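**Q** prediction below, plus the sequence it came from.
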Amino acid sequence: MKTQPTASHFIDGAYVEDATGAPIDVIYPATGKVIATVHEATPAIVAQAIDAARRAQPVWATLSGTERGRILRRAADMIRDRNHDLSVLETYDTGKPYQETSVADATSGADALEYFGGIAATLTGEHIPLGGDNWVYTRREPLGICVGIGAWNYPTQIACWKGAPALACGNAMIFKPSETTPLCALKVAEILHEAGLPAGLYNVVQGKGAVGAALVTDPRVDKVSLTGSVPTGRKVYAAAAEGIKHVTMELGGKSPLVIFEDADIENAVSGAIMGNFYSSGQVCSNGTRVFVHRAIKEAFLERLSARLGNAVIGDPMAPETSFGPMVSEQQLNIVLSYIEKGRAEGARLVHGGARLDREGYYVQPSVFADVTDDMAIAREEIFGPVMAVLDFEDEDDVIARANATEFGLAAGVFTRDLARAHRVAARFEAGTCYINSYNDAPVEAPFGGSKLSGVGRENSKEAIAHYSQVKSVFVRMDDMEAPF
Ligand SMILES: NC(=O)c1ccc[n+]([C@@H]2O[C@H](COP(=O)([O-])OP(=O)(O)OC[C@H]3O[C@@H](n4cnc5c(N)ncnc54)[C@H](O)[C@@H]3O)[C@@H](O)[C@H]2O)c1
Ligand SMILES: C[N+](C)(C)CCCC=O
């Protein structure tokens, strides 16, 4: 497959290049080799994208929701038809195994386009009767120009999760992918335009933080949706606040997964695997603090180690591979440094713990047991395949410990006692909770975090509120009174 894109940016319905921008090499994580080069957006490219969005958005906003939705749904169908090629590209961009990308990435993007394409025609205002003959009606209106800034772990999904609700509500989108994974969003833009999206409504510009900052601070931008780390979130939120812009912040986490003594152990092990090792552990919502009831701890660890032995680590394009490399050398080194910290702090390494002796950025899925709450591997987001297993005995105690974090993205509980499951879920301080499952993210359900993990929600009807605003129109039918 050709990995070098036609040009670095997609603006006003066409590929655009400005080779005076600094080059960014795209590295295939499985080999460490350069597979493409894009150029960082210059101020002229950023201005071109904003101008195109400004021209296109007012016309788009006048279309009916049915017309807008039809284009999004057509794009969803095209993405599904091209799933193989898009999944291969996602694997080149991120290193995630094709076994995963072929079911989780373009398909999730298509779900978002289909869902918001379907919902577009249902966006209406309210009629609010007042005393007498007077009344108010509300109009749900677009925000204008939305900027989306992506992380590197789900480049296709993030491009669609932000673009689909923005476009459904009548906005234009300028999307800046992560500089680590710049390829997939260009394909999303290409497909949207092939599906009939008018030029200028979905633009992709490449670049690092400075390009993101230029977009966020431009006074013509009305909304910023970031998927990224908490430190970046702080900067972007502050910059957006300067212009009183709307924001969605999808940030990091250090989520708890609580496994009670009555849990089905096989299911709990599956949950812990999906919550720690999917995408080689590079998932924001991962349940990396796994609290296991002391009564089943050794049985849990034994089954977990056995199941991890079945992981097929290798060429991400091979259909049997179920565990790929880290996205970059930098991410690999972060993970290795935390494995060292875990050892140094006295946690018991029960699985993995080493870099693989092969090209690319591979590290073994790793599990530490006997982890205590104060250890760095139990407090800090690693964003890699390092599971911390902590012991507990008492429900109140484990909930207090699960919530004793500045993050609040996700949380999970495994138990056969459903009364307990709902009680625990209600007490979790997290935006996205799971009972006897982990890391599902259906488009119908809100996804997002509380505390430092974020502001706003993606997916579901909730996202509409974050990409539109309500105007109240007071209508007086009787005579207007005045004091003089
Ligand atoms: N909550 C979620 O839905 C979710 C999903 C995926 C990843 N994440 C989080 O993302 C992080 C990993 O991704 P990452 O390393 O790409 O994050 P990051 O914060 O380093 O970068 C995210 C994006 O922000 C841009 N950026 C950096 N500085 C900026 C600035 N000053 N202004 C504007 N843009 C700027 C980057 O270029 C990149 O596109 C983890 O913390 C993970 O938990 C969260
Ligand atoms: C769909 N997942 C796997 C929950 C990923 C959501 C985005 C977080 O990184």
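**A** Yep, that arrived. Numbers count the residues shown, from 1 in each chain. Ligands and ions are numbered 1, 2, ... in the order given.

**Q** isn't residue 269 right up against residue 305?
**A** No - assessed by Cβ atoms under 8 Å, residue 269 is found out of contact with residue 305, at 9.7 Å. The C-beta positions use only the backbone N, C-alpha and C, and glycine is treated the same way.

**Q** neighbour count winner among the two?
**A** The residue with more neighbours, out of residue 269 and residue 305, is residue 269; 23 against 15, by other Cβ atoms under 10 Å.

**Q** distance of that one from ligand 2?
**A** As judged by Cβ to the nearest ligand atom, to the nearest Å, residue 269 and ligand 2 stand 18 Å apart.

**Q** ok, residue 346 next?
**A** Taking Cβ to the nearest ligand atom as the criterion, residue 346 is separated from ligand 2 by 30 Å.

**Q** and for that residue, the neighbour number?
**A** Counted with other Cβ under 10 Å, residues neighbouring residue 346 total 11.

**Q** cool, residue 440 as well?
**A** Residue 440 sits with 11 neighbouring residues when counted by other Cβ under 10 Å.

**Q** that one: what's it in contact with?
**A** residue 434 (Cβ atoms under 8 Å, 6 or more residues apart in numbering).

**Q** hang on, it in a helix?
**A** No - assessed by DSSP: H, G, I helix; E, B strand; the rest coil, residue 440 does not belong to a helix; its assignment is coil.

**Q** tell me how far it lies from residue 217.
**A** For residue 440, the distance to residue 217 (Cβ to Cβ, to the nearest Å) stands at 36 Å.

**Q** what does the stretch 51-200 of the chain put close to ligand 1?
**A** Counting by Cβ under 6 Å from any ligand atom, the residues of the stretch 51-200 of the chain lying close to ligand 1 are 149-153, 176, 178-179.

**Q** which ones are touching the residue nearest to residue 129 when sequence neighbours are not counted?
**A** Among residues not flanking residue 129 along the chain, residue 135 sits closest, at 5.1 Å (Cβ to Cβ, 6 or more residues apart in numbering). By Cβ under 8 Å, 6+ apart, the residues touching residue 135 are 127-129, 475, 477.

**Q** at 7 Å instead, please
**A** Contact analysis of residue 135 by Cβ atoms under 7 Å, 6 or more residues apart in numbering lists 127-129, 475.

**Q** so of those residues, which ones are in strands?
**A** Among these, DSSP state E puts 127-129, 475 in strands.

**Q** looking at these, which is nearest residue 228?
**A** In terms of Cβ to Cβ, no member of the ones in strands among the contacts of residue 135 lies closer to residue 228 than residue 128, at 38.8 Å.

**Q** number of nearby residues for the residue in the stretch 301-450 of the chain that ligand 2 sits nearest to?
**A** Residue of the stretch 301-450 of the chain nearest ligand 2, by Cβ to the nearest ligand atom: residue 441 (3.5 Å). Applying other Cβ under 10 Å, we find 18 residues neighbouring residue 441.

**Q** show the pLDDT at it.
**A** On pLDDT, residue 441 comes in at 98.

**Q** make residue 1 into 52 and carry on from there
**A** With 52 as the first residue, the last one maps to residue 492.

**Q** I'd assumed residue 499 was in contact with it.
**A** No - the criterion here is Cβ atoms under 7 Å, and residue 492 misses it with residue 499 at 10.4 Å.

**Q** ok, so what distance separates residue 383 from residue 412?
**A** Applying Cβ to Cβ, the value for residue 383 to residue 412 is 4 Å.

**Q** who has more neighbours out of these two?
**A** Higher neighbour count among residue 383 and residue 412: residue 412, with 25 against 21, using other Cβ under 10 Å.

**Q** so that one touches residue 384, yeah?
**A** No - applying Cβ under 7 Å, one finds residue 412 not in contact with residue 384, separated by 8.9 Å.

**Q** what is in contact with residue 383 and residue 412 at once?
**A** Contacts common to residue 383 and residue 412, judged by Cβ under 7 Å, 6+ apart, are residue 377.

**Q** from the chain's centre, how far out does stretch 84-93 sit?
**A** Centroid separation between stretch 84-93 and its chain, computed with Cα atoms, centre = their mean, to the nearest Å, is 23 Å.

**Q** put the alpha carbons of it into CSV.
**A** Coordinates of the C-alpha atoms in stretch 84-93 are reproduced here as CSV (Å, rounded to 0.1, in the frame of the first residue of the first chain):
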residue,chain,number,x,y,z
LYS,A,84,11.4,2.9,9.3
VAL,A,85,10.1,6.1,7.7
ILE,A,86,7.0,5.4,5.6
ALA,A,87,6.0,8.9,4.7
THR,A,88,6.8,12.5,5.3
VAL,A,89,4.4,15.4,5.7
HIS,A,90,5.0,19.1,6.2
GLU,A,91,3.9,21.1,9.2
ALA,A,92,1.3,23.7,8.4
THR,A,93,2.7,27.2,7.9
